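> Okay, sequence plus prediction incoming.
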Amino acid sequence: MLTLLLLVNLVQDLPDGPGKAEVMKICLDCHDLDTVKADNRTKEAWKKTVAKMVDRGAEGTDEQLDAIVNYLSKNFGRINVNKALPEELVSGLDFSPAEAQAIVEYRDKNGAYKTWRDLSNAVDPARVEAKKDHIAVQ
Ligand code: HEC
């Protein structure tokens, strides 16, 4: 019964979507989900993390590992606001096209953002704050 409860808990902790099954199957052998979810990362960083786990002994086909990288990037991702195209700011951070444009224009004019707070110079600070855990400045 306890095992069942724990299992239900684990499954509910991950949003549905392609790649979830692979994460459940491959990434929970050595540690729990909290270790995986502790930090949001950019897609590049997730790729590196998954490669590091393979070095440590995680086993999966290239397709499974790609599915994991895509799943984690979508659900536990960060977008590097200093490199992102406007459409990536829209799809990855849910900014409106006008906000995305303002973010890119500010960056072009003033140089790289140093912290997520700097985005408040371009768009509504409340909107930025809501997304801060998914913003990377690199
Ligand atoms: C063969 C064992 C093993 C498997 C399978 C495994 N990991 Fe790990 N992972 C480790 C070890 C060892 C650590 C470091 C100790 C710890 O934090 O528990 C770690 C730490 C982590 C961390 C936090 C520290 C860091 O290096 O960033 C993340 C994130 C992570 N793993 C993600 C994953 C993902 C995603 C998968 C599935 C592709 C996965 N792990 C599968 C062994 C494994």
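Thanks, I have the structure now.

> Quick check: bridge partners of the spatially most central residue of the chain?
Closest to where the C-alpha atoms of the chain average out (Cα atoms, centre = their mean) is Gly77, at 0.6 Å. When assigned by DSSP bridges, Gly77 has beta-bridge partners Arg41.

> Hmm, it is touching Asp39, no?
No - contact criterion Cβ atoms under 8 Å: Gly77 and Asp39 do not qualify, at 10.8 Å. All C-beta atoms are positioned from the backbone trio N, CA, C, and that covers glycine.

> Next up, the contacts around Asp39.
Phe76 (Cβ atoms under 8 Å, 6 or more residues apart in numbering).

> likewise Asn110?
Asn110 neighbours (Cβ under 8 Å, 6+ apart): Asn121.

> From the ligand, how far off is it?
Distance, Asn110 to the ligand, using Cβ to the nearest ligand atom, to the nearest Å: 32 Å.

> again with Glu105
Counting by Cβ to the nearest ligand atom, the gap from Glu105 to the ligand is 34 Å.

> buried ones in the strand or helix carrying that residue?
Assigned by DSSP states H and E, Glu105 belongs to helix 97-110. Using 16 or more other Cβ atoms under 10 Å as the test for burial, helix 97-110 gives 99-104, 106-107.

> Give the next helix or strand downstream of it.
helix 125-130.

> Give me the contacts around that next one.
95, 99, 116-117, 119-120, 135.

> buried ones in that helix?
Buried, per 16+ other Cβ under 10 Å, within helix 125-130: Val128.
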